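Undergrad: Provided below are the primary sequence and the corresponding predicted coordinates.
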Amino acid sequence: MTKISIAEATLIALTNEADVAVIKPARNISGAVRLPGDKSISHRYAMLAALAEGETRLTNFSSGADCTSTLACLRQLGVTVVRENDAATLINGAAARLRPSPDALNCGNSGSTMRMLAGILAAQEFDSKLVGDASLSRRPMARVIAPLEQMGARIIANDGGRPPLEVKGAGKKLRALDYTLPVASAQVKSAILLAGLFAPGETSVEEPMRTRDHTELALRAFGTEVTRVRNRTTIAGGQKLHGISAAVPGDISSAAFFLCAAAIFPDSNLVLEDLLLNPTRAAVLDVLMGMGARISVIDLNENHGELVGTVRIGGGGLRGAAISGAQSAALIDELPVLAAIAPYTREGIQIQDARELRVKESDRIRGVAENLRAMGAEVQELEDGLRVPGGQRLRGANINSFGDHRIAMAFAVAALRAEGETRIAGAECVSISFPEFFGMLEAVAER
């Protein structure tokens, strides 16, 4: 069985032609992979470590550009961050005493960085400016601005609440808040809870449906008390955080591409080691099992409140799926790749209640639809999702990534069973979350 680690992965699927990945058909998927650290957890651990007393040592910290942006912003705020090659990331906490940056804090392409860091900056005694790249500058931030301003901060943004954001910290005037989210968002919930760390009294967030709970688990890991009753999360201000030593589990959103690749080949046998299995993130496993993939979980354990395990997947005759409501919210990062493999299923896949996909790094609904049509598939684009019939054959084509890492990776997976070669333009965008992706995919693709 082929086994590849992050350190061994190279972009061997990239051509010399700038920013184009060439994907050739495979006959099977087999091997074992250990994925880079979960991006969501890496962001949160880094931010909490910056506010903690003492040193935090993190292994398998995300290798993606988004989490690198978080570390760069923390350095600008006076936090000492040392990355020891592939070994560990060391963060010496500022014990909540951050210092103002003379320059704008560049969040790159990372909405997670901008939204959650805004929560921390809203509580400071100084003003800050958050900027991002062209893609991030088009993404709406009004949902996070509204509650933070209710807590006493002032945030100036472009029309429509878009970046850059000028955050005028409330400092000692910060107020606790009891807030009901109009739309489920783990990032907005996290921003409010992070601001709540600095506010006297209790800050509570009520969600319309449960979202990923990495912030709550990370806050507990760093020594704070957080309570949750049904969809209501509460934190008391004034609590101190203490540095930890932790291994970041493998990113399950990145794993989704490998899981889907294995699922579309009947004789596949793929093992994913030390993978995050948090119930608020593992819905893709349930969906693939419901479609007929053979999945087993072994070596299940807990790491700072997060479930971690090794997953084995074998393909099968995939049926189909109808995804909507809370399931769409739980699968928001995985929906593009599920839609991309839908033609290979018997019954197809229908996705609804996923309008959030239109305001990600790209309009992912439109991008998936256009690329599937380029590969010869029939697809119906809905306002809030997609309807992709099953039993279709895909042919190799020229694919547009739209500068979106999840679009590029989704169609690299779909291309593995297509007839002929597929060329993905703008493939360098995968570095945002998973720079090793093409090399790791090539290593487990049998030809």
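TA: Okay, I see it. Quick caveat: nothing in here was measured; it's all calculated off a predicted structure.
Undergrad: Now do the domain split for the chain, please.
TA: According to automatic domain parsing, the chain comprises the domains 3-37+249-446, 39-246.
Undergrad: Between those, which has the poorest mean confidence score?
TA: In terms of mean pLDDT, the lowest-scoring of those is domain 3-37+249-446 (a mean of 92).
Undergrad: now the domains of the chain in CSV, with mean neighbour count?
TA: (Glycine included, C-beta is placed from N, CA and C.) Conversion of the domains of the chain to CSV gives the following (neighbours: other Cβ atoms under 10 Å):
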stretch, mean neighbour count
domain 3-37+249-446, 20
domain 39-246, 20
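Undergrad: Show me the helices in the stretch 201-350 of the chain, by range?
TA: Assigned by DSSP state H, counting those that start in this stretch, the helices in the stretch 201-350 of the chain fall at 214-221, 252-263, 283-291, 325-330, 335-341.
Undergrad: Dump the shortest one to PDB, keeping only the CA atoms.
TA: This file holds the C-alpha atoms of helix 325-330, laid out as PDB (Å, rounded to 0.1, in the frame of the first residue of the first chain):
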ATOM      1  CA  GLY A 325     -31.600  22.200   5.400                       C
ATOM      2  CA  ALA A 326     -29.200  21.700   8.300                       C
ATOM      3  CA  GLN A 327     -27.300  19.100   6.300                       C
ATOM      4  CA  SER A 328     -26.400  21.700   3.700                       C
ATOM      5  CA  ALA A 329     -25.100  24.000   6.400                       C
ATOM      6  CA  ALA A 330     -23.000  21.100   7.900                       C
END
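Undergrad: Just list what that helix packs against, helices and strands only.
TA: helix 283-291 (3 or more Cβ pairs under 8 Å, 6 or more residues apart in numbering; DSSP states H and E).
Undergrad: Which strands or helices does the helix it packs on pack on?
TA: Using 3+ Cβ pairs under 8 Å, 6+ apart, helix 283-291 sits against helix 252-263, strand 294-303, strand 320-323, helix 325-330.
Undergrad: So Ala21: helix, strand or coil?
TA: Of the three states, Ala21 takes strand according to DSSP: H, G, I helix; E, B strand; the rest coil.
Undergrad: And it, how far from Leu275?
TA: For Ala21, the distance to Leu275 equals 24 Å [Cβ to Cβ, to the nearest Å].
Undergrad: cool, Gln352 as well?
TA: For Gln352, the distance to Leu275 - Cβ to Cβ - is 28 Å.
Undergrad: again, but for Leu71
TA: For Leu71, the distance to Leu275 equals 23 Å [Cβ to Cβ].
Undergrad: and if you look at Gln350?
TA: In terms of Cβ to Cβ, Gln350 sits 27 Å off from Leu275.
Undergrad: Met151 now?
TA: Applying Cβ to Cβ to Met151 and Leu275 gives a distance of 36 Å.
Undergrad: can you check Ala186 too?
TA: 19 Å.
Undergrad: Then Ala157?
TA: For Ala157 relative to Leu275 (Cβ to Cβ), the value is 37 Å.
Undergrad: for Gly196, same thing?
TA: 31 Å.
Undergrad: got it, and Thr233?
TA: Taking Cβ to Cβ, one finds Thr233 at 25 Å from Leu275.
Undergrad: Ile29 contacts Pro266, doesn't it?
TA: No. The criterion here is Cβ atoms under 8 Å, and Ile29 misses it with Pro266 at 10.5 Å.
Undergrad: where do the contact lists of those two overlap?
TA: Residues touching both Ile29 and Pro266 (Cβ atoms under 8 Å, 6 or more residues apart in numbering): Gly315.
Undergrad: Who are the contact partners of the residue lying closest to Arg27 once chain neighbours are set aside?
TA: The spatial neighbour of Arg27 that comes closest, neighbours along the chain excluded (Cβ to Cβ, 6 or more residues apart in numbering), is Glu446 at 5.6 Å. Each residue near Glu446 by Cβ under 8 Å, 6+ apart is listed here: 26-30.
Undergrad: Tell me the one of the residues you listed nearest Tyr179?
TA: Ranked by distance to Tyr179 (Cβ to Cβ), these are led by Ile29 at 44.3 Å.
Undergrad: Sticking with that closest one, tell me its helix or strand.
TA: According to DSSP states H and E, Ile29 maps onto strand 28-34.
Undergrad: Who are the packing partners of that strand?
TA: Where contact means 3+ Cβ pairs under 8 Å, 6+ apart, strand 28-34 is packed against strand 3-4, helix 252-263, strand 269-276, helix 437-444, strand 445-446.
Undergrad: Show me what the third one packs onto, helices and strands only.
TA: Helices and strands touching strand 269-276, as assessed by 3+ Cβ pairs under 8 Å, 6+ apart, comprise strand 28-34, helix 252-263, strand 306-314.
Undergrad: so how far is the very next helix or strand once past the shortest one off the chain centroid?
TA: Going back to what we said before, that points to strand 28-34. Using DSSP H and E, the helix or strand that follows strand 28-34 in sequence is helix 39-51. Relative to its chain's centre, helix 39-51 lies at 13 Å (Cα atoms, centre = their mean, to the nearest Å).
Undergrad: Once you drop chain neighbours, what's closest to Arg228?
TA: Leaving out its chain neighbours, the residue that sits closest to Arg228 by Cβ to Cβ, 6+ apart is Glu216, at 6.3 Å.
Undergrad: about what we covered before: and of the helices and strands packed on helix 283-291, who's closest to Met141?
TA: Per Cβ to Cβ, nearest to Met141 of the helices and strands packed on helix 283-291: helix 325-330, 19.2 Å.
Undergrad: Please look at Asp133 and Gly111 and confirm they touch.
TA: No. The criterion here is Cβ under 8 Å, and Asp133 misses it with Gly111 at 10.9 Å.
Undergrad: where along the stretch 51-200 of the chain do the strands fall?
TA: Using DSSP state E, counting those that start in this stretch, the strands of the stretch 51-200 of the chain run over 55-59, 80-84, 88-92, 105-106, 127-131, 154-158, 162-168, 178-180.
Undergrad: packing partners for the fourth one?
TA: For strand 105-106, the elements it packs on are helix 65-76, strand 127-131, judged by 3+ Cβ pairs under 8 Å, 6+ apart.
Undergrad: Parallel or antiparallel, which strands does it pair with?
TA: In the sheet, strand 105-106 lines up against strand 127-131 (parallel) (DSSP bridges).
Undergrad: Show me what the strand it pairs with is in contact with.
TA: Applying Cβ under 8 Å, 6+ apart, the contact partners of strand 127-131 are 77, 100-101, 104-107, 114, 117-118, 121, 137, 163-169.
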